[in-house]
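In: After the sequence you'll find the predicted model.
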Amino acid sequence: MSAPRAEHHEVVVVGAGISGIAATIRLREAGISDVVVLEKADTYGGTWRANTYPGCACDVPSDLYSFSFAPNSDWSRVYGTQPEILAYVDGVARDHGLDEVTRFGVELLDASWDRDHWVLRTSAGELTARFLVAAAGPWNEPKIPDLPGLADFPGEVWHSARWRHDVDLTGRRVAVIGTGASAVQFVPEIQPEVADLHLFQRTAHWVLPKLDHAVPRAERWLKRRAPLVARAIGAVEYAAMELVGTAFHHPRPLMHALEKVGRAHLRAVVRDAQLRAALTPTYLLGCKRILFSNHYLPALTRPNVTVHPTGVDRVEGATVVGSDGSSAEVDAIILGTGFHILDMPVADRVRGADGRTLAEHWDGSPEAHLGTVVAGFPNAFVVLGPSLGTGHTSAFTIAEAQVALIVDAITTARREGWSALAVRPEVQAAYVAQVQDALGSTAYNAAECHSYYIDANGRNSFSWPWSTGELVRRVSRFQPDEYLVTTHETAEVTA
């Protein structure tokens with residue numbers, strides 16, 4: 001007796017964050033009704049669901065941080081907070097009926113290409129799909145440092161993306177390891193509560209003032225009733241962010257000008273010369289992610305805070321020992337150590353036509369044509385993939401550009417009767433070479449610093465080297481001549 005046939009769908013989307021929601025909505029609007037979303041968590045939101053640490057907020061202006069098809073003019077602050085962004089994203093998904101096609105609590109374990117379809121093994125069983133959209137995103141899996149003794153620490157340990165709201169930090173001695181974008185936000189929130197806060201800083205970051213404030217009710221009312229006003233405000237904010245983008249692409253002298261702002265902010269807030277020296281970066285602004293905060297530097301000047309300008313070497317019992325020999329005995333350790341940005345777990349779970357995983361193909365250096373399609377992986381798409389990251393652009397803009405390409409590719413394949421399409425290897429190679437060449441003169445690559453932009457092989461596999469307008473123009477276009485296609489009738493690869 002033959003085994004029962006696996007459940008089949010036209011498209012399976014993995015991940016129900018911003019990019020997965022955008023892909024699913026646009027595919028359904030294009031007439032592709034047989035779409036299923038797999039989400040390992042119990043609700044929508046992606047990174048905005050996972051990151052609930054105190055002070056969590058966006059560093060892109062709120063008016064730029066929404067779906068183009070569901071604009072929101074009612075943000076309470078210039079920069080949206082996590083609860084408000086999550087409520088917006090969840091609301092858009094449910095308003096568009098995605099709860100009808102989303103399977104929560106279902107994790108992708110493995111996906112393999114089999115002649116003309118994908119075979120997906122999940123925590124809830126097996127299913128097949130004609131097209132696979134991997135929308136898990138790069139801010140999905142926390143990176144836990146491999147520190148000797150950390151597993152034996154007698155107190156509480158957690159990553160900022162898995163915040164322990166059940167632990168009361170009042171009067172506790174706390175070590176924070178890592179000083180990136182998350183720590184900059186939660187450190188000022190917990191500093192007034194704890195008895196002692198020991199901040200272990202491997203590298204000083206550039207911290208610029210954040211032009212944030214509550215949006216007056218009158219302004220919110222006006223934007224709701226006068227969409228042209230809302231668009232005008234958004235256009236001004238977009239222009240300001242693109243100016244920052246120009247600085248990334250032409251770092252000298254533009255980044256040097258922004259560095260003066262950072263130094264002035266540091267001098268104004270941190271009066272102690274020794275502490276100020278420890279907090280002063282020694283690399284070009286933009287080489288690492290720029291941080292924006294009005295509260296982080298002031299928090300570090302408080303009497304109960306000790307800044308250890310060093311990485312962590314090990315944990316001995318309840319003591320955190322720095323690489324410079326300094327130490328701190330603490331009751332809790334909070335890890336602000338980032339995410340698996342360039343070694344995304346989904347890369348180990350998706351196998352292409354030759355049976356090798358994405359991770360094996362990439363061998364430490366992720367690459368995809370237009371950050372979206374990978375040679376050797378037919379009918380598969382990656383959203384928020386390699387070489388699309390910027391230091392100033394909304395993730396909504398990037399995801400929607402990719403989704404436009406994905407929808408065009410899938411609808412074209414259906415219309416033309418293609419059973420499969422895969423980007424030509426030479427097209428991908430030429431694109432990757434062009435990106436890498438253009439990155440050479442940007443702030444991302446122009447200085448020596450340790451950042452998550454740089455992969456295991458020392459190559460920048462994260463950053464986009466051109467403007468946001470160029471990203472949208474190039475990435476959103478599906479060009480059939482760049483692909484090898486297989487027809488249903490002949491099952492042969494043709495141009």
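Out: That came through fine. Numbering: from 1, shown residues only.
In: And the pLDDT at Ala226?
Out: Among the per-residue scores, Ala226 shows a pLDDT of 80.
In: Show me how the chain divides into domains.
Out: Residue ranges for the domains of the chain, per automatic domain parsing: 7-141+340-494, 150-205+289-335.
In: Can I get those domains in a markdown table including distance to Pro227?
Out: Yep, even glycine has a C-beta here, placed from its N, CA and C like the rest. Below are those laid out as a markdown table (distance: least, Cβ to Cβ, whole Å):
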| stretch | distance to Pro227 |
| --- | --- |
| domain 7-141+340-494 | 7 |
| domain 150-205+289-335 | 28 |
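In: Select, out of those domains, the one closest to Trp221.
Out: Closest to Trp221 of these is domain 7-141+340-494 (Cβ to Cβ; 9.2 Å).
In: in what helix or strand does Gly245 lie?
Out: helix 227-249 (DSSP states H and E).
In: what comes into contact with that helix?
Out: When contacts are taken as Cβ atoms under 8 Å, 6 or more residues apart in numbering, the neighbours of helix 227-249 outside the stretch itself are 60-61, 63-64, 71, 73, 222-224, 254-255, 257-258, 286, 290, 390-393, 441-444, 465-469.
In: Now which of these would you call buried?
Out: Those of these that meet the buried threshold are 60-61, 63-64, 73, 223, 254-255, 258, 286, 290, 390-393, 442-444, 465-468, by 16 or more other Cβ atoms under 10 Å.
In: Now intersect these with the helices, please.
Out: The members of the buried ones among the contacts of helix 227-249 that map onto helices under DSSP state H are 223, 254-255, 258, 468.
In: The residues you listed: which two are farthest apart?
Out: Within these, two members stand farthest from each other by Cβ to Cβ: Lys223 and Met255, at 32.6 Å.
In: of all the ones in helices among the buried ones among the contacts of helix 227-249, which comes closest to Asp99?
Out: Closest approach between these and Asp99, by Cβ to Cβ: Lys223, at 28.4 Å.
In: next helix or strand past the lengthiest strand in the chain?
Out: Longest among the strand segments of the chain by residue count, using DSSP state E, is strand 125-134. The helix or strand immediately downstream of strand 125-134 is strand 156-159, counting by DSSP H and E.
In: Who are the packing partners of that following strand?
Out: Here strand 156-159 touches strand 332-335, going by 3 or more Cβ pairs under 8 Å, 6 or more residues apart in numbering; DSSP states H and E.
In: Give me the contact list for the helix or strand just after the strand it packs on.
Out: If you walk from strand 332-335 toward the C-terminus, the next helix or strand you reach (DSSP H and E) is strand 350-351. Taking contacts as Cβ under 8 Å, 6+ apart, the residues outside strand 350-351 that touch it are 110-113, 132, 134, 357-358, 377, 380.
In: Buried ones among these?
Out: Those of the contacts of strand 350-351 that meet the buried threshold are 111-113, 132, 134, 357-358, 377, 380, by 16+ other Cβ under 10 Å.
In: Okay, and which of the residues you listed map to strands?
Out: Those of those mapping onto strands are 111-113, 132, 134, 380, per DSSP E.
In: ok, so of the residues you listed, who is nearest Lys40?
Out: Of these, the one sitting nearest to Lys40 (Cβ to Cβ) turns out to be Ala134, at 13.0 Å.
In: rewinding a little: go through the contacts of strand 350-351 and name the one nearest Pro298.
Out: The closest of the contacts of strand 350-351 to Pro298 turns out to be Ala134 (Cβ to Cβ; 41.1 Å).
In: State whether that closest one and Val11 are indeed in contact, as I suppose.
Out: No: at 11.7 Å, Ala134 does not count as touching Val11 under the criterion of Cβ atoms under 8 Å.
In: ok so, going back, let's have the buried ones among the contacts of strand 350-351 in JSON lines, adding distance to Ala328 and pLDDT.
Out: Supplementary listing: the buried ones among the contacts of strand 350-351 in JSON lines, determined by distance: Cβ to Cβ, whole Å; pLDDT from 0 to 100:
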{"residue": "Ala111", "distance to Ala328": "44", "pLDDT": "98"}
{"residue": "Ser112", "distance to Ala328": "48", "pLDDT": "98"}
{"residue": "Trp113", "distance to Ala328": "50", "pLDDT": "98"}
{"residue": "Leu132", "distance to Ala328": "47", "pLDDT": "98"}
{"residue": "Ala134", "distance to Ala328": "41", "pLDDT": "97"}
{"residue": "Thr357", "distance to Ala328": "41", "pLDDT": "97"}
{"residue": "Leu358", "distance to Ala328": "40", "pLDDT": "97"}
{"residue": "Phe377", "distance to Ala328": "47", "pLDDT": "98"}
{"residue": "Ala380", "distance to Ala328": "47", "pLDDT": "98"}
